[in-house]
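Trainee: What shape does this take:
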Amino acid sequence: MARRSGSADLPLHSGRVPAWLAQRMATLGAVIAQTIVHHYGRDEFLRRLSHPFWFQSFGAVMGMDWHSSGITTSVIGAMKRGLAPLGNELGIHVCGGRGKHSRKTPEELSALGDRIGVDAAALTRASRLVAKVDSAAIQDGFDLYLHGFFVTDDGKWTVVQQGMNGEARQARRYHWHSGDILDFVEEPHSAIDGEPQGSIVNLTDKRAATSRTAQLDLLGDLGPDRIANEYAAVIEPSSTSAQPMLPHLVMPAHHDVRSSDVFVRRLHGTLAAAAERGPTDFPELLLTPGVGARTVRSLAMVAEVIHGTPYRFDDPARFSLAHGGKDRHPYPVPIKVYDETIRVLKSAVANARLGRDETLETLKQLDAQARTLERTASGPSFEAFVAGERAAAPDLEARSVFGWESDVGAQKKPRRA
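Mentor: Got it, this is the predicted structure:
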């Protein structure tokens, strides 16, 4: 029977993704997807999307706020835009989205069925059941407002959808994966992300089978008026069927990235691997003066998102150190580095299509060496590392929602008399 793979607490943030970042997120997200499919296949990419820890790290490495609910909306939007031109090549398609876009999922699936021959009726039924379970069978105080449906040419799918609790200023993300589902109404999720809110109504729990059956009986024999009165008598949970412990990711309310949010030992491994392998493995690719060594550090973190195993993603904040964040946390987005990362990856994928896998294999080796070196590597403190990135930001054409960093820095300097 399918079961949840974990949960996470996500602060609810307002705001928008600026166009300059949204375009880059779509490009980087798509090329990461291409690389994962090249190495591991498209089914593995669906599995990654259904893992809440990986999903959060994926958004963070693309420069989105590392801990907020906005990662869900921005990642789904970026992947829908980025994968659209690659649908025929990868066989992965994205439907739905936020608000009115979520309600267009059935017609988008129908159009997809006409185009590639998948069973649109079955997929639409799955989409509706997923939404109904998370809005009706589970009543946890979070109202759904986002529904992203990722589907492959052979009809396999992952759903990532999110609910909002405005009063608590929290969001809860729900992950589904078709490969894990044996029953839509009994423990179907691959994961649910959100802050624990005490006792809830969860009719998907296997301990609620008696309740589901009783409600059907009540509806058939007694009508809906009696259900509320009878419900309390049948929801008492069994004490003999405890659920297994699941990983639980807690995203803190503070917006800034702190040392306590990052496994610094892993950061030191990444820095050491980039310093040792970069000059020998990337001489013909890193051509932009003054950016090459810094780009290799970002590539090492991107490589971990591509190749890392689940336990590597329990500190999503670390992946924000690749390309910063749009709100200047941990530092503004270094555009030169971001664009160079995209260029290297796109070149590597293009060469791989021609049978030349050397660069993609080098990135895989870079990730492997980072994991090896983290056992012994030393390096700067987290605070010193972030300070160095902030100091270098103007030279790297860093940018945030507040503007270009060179302009932001000039505004902070005191005027001379």
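Trainee: three-state assignment of L10?
Mentor: For L10, the assignment made with DSSP: H, G, I helix; E, B strand; the rest coil gives strand.
Trainee: If it is in a bridge, with which residues?
Mentor: Beta bridges link L10 to A171, judged by DSSP bridges.
Trainee: In this structure it contacts A168, no?
Mentor: No. Contact criterion C-beta atoms under 8 Å: L10 and A168 do not qualify, at 11.1 Å. All C-beta atoms are positioned from the backbone trio N, CA, C, and that covers glycine.
Trainee: Of those two, which one has the most company?
Mentor: L10 (25 against 15; other C-beta atoms under 10 Å).
Trainee: From A121, how far out is the more buried one?
Mentor: As for L10, its distance to A121 is 33 Å (criterion: C-beta to C-beta, to the nearest Å).
Trainee: what's the answer for W66, then?
Mentor: In terms of C-beta to C-beta, W66 sits 39 Å off from A121.
Trainee: again, but for V17
Mentor: Taken as C-beta to C-beta, the span from V17 to A121 is 34 Å.
Trainee: Mind checking which of these two has more residues around it?
Mentor: V17 (20 against 12).
Trainee: Which parts of this structure belong to which domain?
Mentor: What automatic domain parsing lists as the domains of the chain is 7-205+243-250, 259-408.
Trainee: and these, which one is worst for confidence?
Mentor: Least confidently modelled of the domains of the chain is domain 7-205+243-250, at a mean of 86 by mean pLDDT.
Trainee: tell me what the helix or strand where G29 lies is packed against?
Mentor: Taking DSSP states H and E as the definition, G29 sits inside helix 19-40. In this structure, helix 19-40 packs against helix 42-49, helix 52-61, helix 70-83, helix 87-90, helix 292-307, helix 335-353, helix 358-373, with contacts taken as 3 or more C-beta pairs under 8 Å, 6 or more residues apart in numbering; DSSP states H and E.
Trainee: Can you tell me which of these is most buried?
Mentor: Stretch with highest mean neighbour count among the helices and strands packed on helix 19-40: helix 52-61 (a mean of 26; mean count of other C-beta atoms under 10 Å).
Trainee: what's that helix packed up against?
Mentor: When contacts are defined as 3+ C-beta pairs under 8 Å, 6+ apart, helix 52-61 packs onto strand 7-11, helix 19-40, helix 42-49, helix 70-83, strand 170-177, strand 248-250, helix 292-307, helix 320-323.
Trainee: where does it sit relative to the chain's centre, distance-wise?
Mentor: Computed by C-alpha atoms, centre = their mean, to the nearest Å, the chain-centroid distance of helix 52-61 equals 4 Å.
Trainee: ok now do the nearest residue to A275 once chain neighbours are set aside, which residues does it touch?
Mentor: Closest residue in space to A275, ignoring its immediate chain neighbours: A293 at 7.4 Å, by C-beta to C-beta, 6 or more residues apart in numbering. Residues counted as contacts of A293 (C-beta atoms under 8 Å, 6 or more residues apart in numbering) are A274, A275, G278, P279, L286.
Trainee: Then P18?
Mentor: Per C-beta under 8 Å, 6+ apart, neighbours of P18: K326, V401.
Trainee: Over to V31?
Mentor: By C-beta under 8 Å, 6+ apart, V31 lies in contact with I342, L345, K346, V349.
Trainee: Just the closest of those residues to L86, please.
Mentor: Ranked by distance to L86 (C-beta to C-beta), the contacts of V31 are led by V349 at 10.3 Å.
Trainee: For H177, see how far away the closest one is.
Mentor: Counting by C-beta to C-beta, the gap from V349 to H177 is 25 Å.
Trainee: same deal with T270?
Mentor: Going from T270 to H177 by C-beta to C-beta gives 29 Å.
Trainee: So for these two, which residue has more residues nearby?
Mentor: Set T270 next to H177 and count neighbours by other C-beta under 10 Å: T270 wins out with 29 against 25.
Trainee: can you tell me how far the more buried one sits from H101?
Mentor: 36 Å.
Trainee: and what of V133?
Mentor: Distance of V133 to H101, given as C-beta to C-beta: 20 Å.
Trainee: that older thread, which two in the contacts of A293 are spaced the farthest apart?
Mentor: It's A275 and L286 that sit farthest apart of the contacts of A293, by C-beta to C-beta, at 13.2 Å.
Trainee: Now for the nearest residue to D357 once chain neighbours are set aside: which residues touch it?
Mentor: Nearest residue to D357, sequence neighbours excluded (C-beta to C-beta, 6+ apart): N351, at 7.4 Å. By C-beta under 8 Å, 6+ apart, N351 lies in contact with D357, E358, T359, L360.
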